[in-house]
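S.K.: Quick check, what structure comes out for this input:
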Amino acid sequence: MAEQPRTLVAGGGSWGTALAALLARQGVPTVLWAREAEVVDSVNQPDENSMFLAGVPLPPSLTATADLDEALAEANVVVNAVPTQFIRSVFKSRGDRLGRASLLVSVSKGVEVGTLHTPSEVFADIAGSAVAEGLVALS
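M.R.: Numbers count the residues shown, from 1 in each chain. Sure thing, here's the model as predicted:
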């Protein structure tokens, strides 16, 4: 049996946390990246995102980290739930790591202020053709 892909959900808000929990409940090895230490701590102990999804129990198999570089290095699948306005600043120096993922799923909505680029266009700017073939959007 083939090993399940390791999935990174980038963005520890309510949307990213809900998607990460859904994946983890299905047995997909999943890590949630959040920039807020409070989110990382509350997801890891006591299995709840008390800042953005209070009262919703999370599966114990879901872990969280504040180390995006390490999480990207271990992920085959990246689900981006970072708000569109911050995608570029979060991932701009990590285009090569994004290109190593077999699949990049964008679940962000809207357009980037200033450029009016969609999330897919922002990722193409950051990582070029490295992500083009494995980039999909969930809407």
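S.K.: separation between residue 74 and residue 8?
M.R.: For residue 74, the distance to residue 8 equals 8 Å [Cβ to Cβ, to the nearest Å]. C-betas here are computed from N, CA, C, even on glycine.
S.K.: From residue 137, how far off is residue 105?
M.R.: To residue 137, residue 105 is 7 Å away according to Cβ to Cβ.
S.K.: Oops, could you answer that again for residue 48 instead?
M.R.: Residue 48 is 29 Å from residue 137, where distance means Cβ to Cβ.
S.K.: which stretches of the chain form helices?
M.R.: With DSSP state H, the ranges of helices along the chain come out as 14-25, 37-44, 68-74, 84-91, 95-100, 119-127, 129-132.
S.K.: now the angle between helix 119-127 and the fourth one, please.
M.R.: Helix 84-91 and helix 119-127 meet at an angle of 20 degrees, taking axes from the mean of the first three to the mean of the last three Cα atoms, to 10 degrees as the criterion.
S.K.: what helices or strands is helix 84-91 leaning on?
M.R.: helix 119-127 (3 or more Cβ pairs under 8 Å, 6 or more residues apart in numbering; DSSP states H and E).
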